[in-house]
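Undergrad: Return atomic coordinates for the entry below.
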Amino acid sequence: MTSRRRVNQSDILLTQGDITESDTDAIVNAANSQLVLGAGVAGAIRKKGGPSIQEECNAIGGCPVGDARLTSGGALKAKYVIHAVGPRWGEGNEEKKLKNATLNALRRAEEKGLKSIAFPALSTGIFGFPLELAARIMLQTVEEYLNSETGIQTVVFTLFDDPAFSVFQKNLENIP
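TA: Numbering: from 1, shown residues only. Okay, the predicted model is just below:
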């Protein structure tokens, strides 16, 4: 299952599956501010990417909510992992923090000259961010970013299950 939207000279793609299998230049980790690769997306990245990614995270030391840090991709297909720290639902100013986490992940990719990046649905797992709202914020943020001058050619949203894919697909179709 895939869905596509052309924006300027770039594409937004929706796919369903395992983000750790992505062959984009970078994948985005739904990180915590300590950059500890625990459960969910981060756990899958740790398992498939090997210990070097956590070692690089340890050397970085942490990342504030709404920001992003870059490490190598270890044994993953993707050359890089961008660790974007989204908000926990209920901590305050969550919408702005999620927008910033998405934007800063794109900026880290741009700084490295990367052409493709894959995102999960940030903050929607154990951080409890409502999926519908996350989809709208993330897709609009990416659309705005791609409408500016960018070298990023492809932004993929790799959704884990049918419900997440459906929510993102509906929101992608409804972007003005």
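Undergrad: Run a quick neighbour tally on the closest residue to residue 10 other than its chain neighbours.
TA: The shortest distance from residue 10 to any non-neighbouring residue, by CB to CB, 6 or more residues apart in numbering, is to residue 146 (4.4 Å). Bear in mind the C-beta positions are built from the backbone N, C-alpha and C, glycine included. Using other CB atoms under 10 Å, residue 146 has 22 other residues around it.
Undergrad: OK, contacts around the residue nearest the centre of the chain?
TA: Among the residues of the chain, the one closest to the centroid is residue 119, at 2.9 Å (CA atoms, centre = their mean). Contact partners of residue 119, counting by CB atoms under 8 Å, 6 or more residues apart in numbering, are 19, 28, 84, 102, 105, 138, 142, 155, 156, 157, 158.
Undergrad: Helices - which of those land there?
TA: Judged by DSSP state H, the subset of these located in helices is 102, 105, 138, 142.
Undergrad: Looks like the first one contacts residue 122 (just checking).
TA: Which is residue 102. Yes. In this structure, residue 102 is within contact of residue 122 by CB atoms under 8 Å, at 6.7 Å.
Undergrad: which neighbours do the two share?
TA: By CB under 8 Å, 6+ apart, the residues touching both residue 102 and residue 122 are 84, 138.
Undergrad: Can you show me the helices along this protein?
TA: Ranges of helices within the chain are 40-49, 51-60, 94-111, 131-146, 162-173, based on DSSP H.
Undergrad: who wins for proximity to residue 5 among those?
TA: Closest to residue 5 of the helices of the chain, according to CB to CB: helix 162-173, at 5.6 Å.
Undergrad: Need the ones in helices among the contacts of residue 119 in CSV (columns: neighbour count).
TA: Listed next are those as CSV, based on neighbours: other CB atoms under 10 Å:
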residue, neighbour count
102, 28
105, 32
138, 28
142, 25
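Undergrad: Pick the one among the residues you listed closest to residue 62.
TA: Nearest to residue 62 out of those is residue 105 (CB to CB; 16.3 Å).
Undergrad: Need the pLDDT of that closest one.
TA: In this model, residue 105 is scored at 98, pLDDT.
Undergrad: Hmm, residue 37 and residue 43 touching each other?
TA: Yes. With contact defined as CB under 8 Å, residue 43 counts as touching residue 37 (6.4 Å).
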